[in-house]
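[1] I would like to see how this sequence folds:
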Amino acid sequence: MAITVTDPRPIERAEEILTPKALAFVEELHKRFAGTRMELLAARGVKRQQAADTGRLDFLPETQDVRNGDWKVAPAPSALQDRRVEMTGPATPAKMAINALNSGAKVWLADLEDASTPTWANVIDALLNLRDAATGRLSYTSPEGKEYTLRTDAPLAVVVARPRGWHMPETHLLIDGEPTVGALVDFGLHFFHTAKQLVMNGQGPYYYLPKLESHLEARLWNDVFVFAQDFLGLRQGTVRATVLIETIPAAFEMDEILYELRDHAAGLNAGRWDYLFSIIKYFRDAGQEFVLPDRATVAMTAPFMRAYTELLVKTCHRRGAFAMGGMAAVIPNRRHPEVTQAAFEKVRADKTREANDGFDGSWVAHPDLVPTCREAFDAVLGERPNQLDKQRPEVSVTAEQLLDIASAKGQVTEGGLRLNLYVAVAYTAVWLSGTGAVAIHNLMEDAATAEISRSQVWQQIRNKSVLADSGNTVTRELVERILGEETERLRTEFGDEAFRRYYEPASKLIGEICLSEDYTDFLTTPAYELVG
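    Numbers count the residues shown, from 1 in each chain. Okay, the predicted model is just below:
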């Protein structure tokens, strides 16, 4: 094998990350694990088709012993005992990384995945920022002369990095002329450059693992961790991983996922937006009973979402793992006090529900929401760092409850269709410009919400959904018309130059994937080809 860097210097100091030894480590990861990853990705499609054909998923009979067994994951290290507030966001630019570390949150999910466009410059800048944060050297001076530095008057947030999902390639690192695995590039370069320093800091290399669809995919990550720790001479169990349960098949394998990672597991997270996306994707052609109402009306209190979160808390605490709550999409707007007040109230209600359900902490997407989330969990936890002792023996969740999509209240409307197309185009345009998360109508939109939006449109065309507010049937022609109207609206909002560079190609891409006979598994895959 031979590794090639297509652009060795996308930003200044890139050579500090793209060192020969670091690249050799990534090459070794690829040699050992890329083949298994390809097999597992192929297995996803087979299982998805079986579920669509039958309209069913179920708990695996072959792993019943794991579900029934009396085992626990390794105890959490002290740095991860208290996770009551987790700030999420990209690790680039440096200003955002510093603000996240200084936010007062217990943990920062440093995101190289859904909240980050994986341009080569962004990937390397994020890794530089994370390495500089580990060594305490991260700083930034704005063009106006404002300085941003790491605070010394209070603890910084503990970094938990999120590499890309198994499906994403990295086209700027080639092995034998073929793209490498984005997840292995992100993990490999981060681990190589920060692991020993983080251990010296009294923490460790901690990770969030996204988009897993089976315990076999968790097993692959565990194999990666075992090899990586041996490679750098670190004690086994130094790495700790929290898995996002954000796909519907993973909801049926929570125990098994924790079991595969049991020496390295730190918990599970209720990745609610990707979870909804996964339900649509998995059952997109399984009939009308799997058509969700407008995404804005699907609340966490919907019966099938309650089943998912209740099962997650019970499973985690039974196994000694942390249960982490999901993202509240609403964000404050400092220029509009009434919007900010409404955001605080919604987040407080959401986090209070999670704390009372037994979650050990939760996510926020804006530093101003850290106190609100902390107050909700403080009220339940008090001086305790977590509530692993809340076992939830009364919870019993069936496969039917997890798949009871039809019980969700709400309707499919033309207003919802229009909003989906607007958000899908607006978000994709910003993604193409190099930013992976953006506020749209006072909601934090990232790849997950854009995926829900465009997937609902595809599913509604497929099922000829009738719109409750207009009586129209969703057809290709109707979608083309509304997409054109919403695209023109974006032109008036953002101007001709931005429209030509980003919004026009975004609209073209969204039109292609929504109107295609074939479903595109991930919006970011064809979008990645556009950013080069």
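
[2] tell me the mean pLDDT for the longest helix along the chain?
    Assignment by DSSP state H gives helix 20-54 as the longest helix of the chain. The pLDDT scores in helix 20-54 average 97.

[3] which other residues reach the helix or strand of the chain with the lowest mean pLDDT?
    Using mean pLDDT, DSSP states H and E, the weakest-scoring helix or strand in the chain turns out to be strand 443-445, at a mean of 75. Applying C-beta atoms under 8 Å, 6 or more residues apart in numbering, the contact partners of strand 443-445 are 327, 329-331, 365-366, 423, 426-427, 437-439, 449. Quick note: C-beta positions are derived from backbone N, CA and C, even for glycine.

[4] okay, who's weakest in these by pLDDT?
    Scoring these by pLDDT puts Ala329 last, at 73.

[5] so how far is Ala110 from the closest residue to that one other than its chain neighbours?
    Once flanking residues are discounted, Ala329 sits nearest to Leu443: 4.7 Å by C-beta to C-beta, 6 or more residues apart in numbering. Taking C-beta to C-beta, to the nearest Å as the measure, Leu443 falls 22 Å from Ala110.

[6] Which one's more surrounded, these two?
    Ala110 (31 against 16; other C-beta atoms under 10 Å).

[7] what's the helix or strand for the more buried one?
    Assigned by DSSP states H and E, Ala110 belongs to strand 107-111.

[8] hmm, who's touching that strand?
    Contacts for strand 107-111 (C-beta under 8 Å, 6+ apart): 80, 83, 85-91, 97, 100-101, 126, 130, 157-162, 208, 361, 363, 436-437.

[9] pLDDT of that strand, averaged?
    The model assigns strand 107-111 a mean pLDDT of 98.

[10] Tell me which strands it pairs with, and in which orientation.
    Strand pairing for strand 107-111, determined by DSSP bridges: strand 85-90 (parallel), strand 158-162 (parallel).

[11] So for Gly35, which of those strands sits nearest?
    Proximity to Gly35 (C-beta to C-beta) singles out strand 158-162 among those, at 23.8 Å.

[12] per-residue pLDDT, Met1?
    pLDDT, Met1: 62.

[13] same question, the one 3 residues further on
    With respect to pLDDT, Thr4 has a value of 97.

[14] so it touches Glu178, yeah?
    No - in this structure Thr4 lies outside contact range of Glu178 using C-beta atoms under 8 Å: 10.0 Å.

[15] now the strands for the stretch 251-400 of the chain?
    Along the stretch 251-400 of the chain, counting by DSSP state E, counting those that start in this stretch, strands occupy 265-270, 322-327, 361-364.

[16] gap between the shortest one and the chain center?
    Mean-position distance between strand 361-364 and its chain equals 13 Å (C-alpha atoms, centre = their mean, to the nearest Å).

[17] With the first one instead?
    How far strand 265-270 lies from its chain's middle: 13 Å, per C-alpha atoms, centre = their mean.

[18] heads up, I number from 41, so please use that
    In the new numbering, first residue 41, that becomes strand 305-310.

[19] ok and it relative to strand 147-151, angle-wise?
    Calculated by axes from the mean of the first three to the mean of the last three C-alpha atoms, to 10 degrees, strand 305-310 forms an angle of 70 degrees with strand 147-151.

[20] helices or strands up against strand 305-310?
    On a contact count with 3 or more C-beta pairs under 8 Å, 6 or more residues apart in numbering; DSSP states H and E, strand 305-310 meets strand 280-285, helix 294-300, helix 343-358, strand 362-367.

[21] Equivalent analysis for the last one, please.
    Contacts defined by 3+ C-beta pairs under 8 Å, 6+ apart place strand 401-404 against strand 125-130, strand 362-367, helix 377-397, helix 410-421.

[22] What pairs with it, parallel or antiparallel?
    By DSSP bridges, strand 401-404 pairs with strand 125-130 (parallel), strand 362-367 (parallel).
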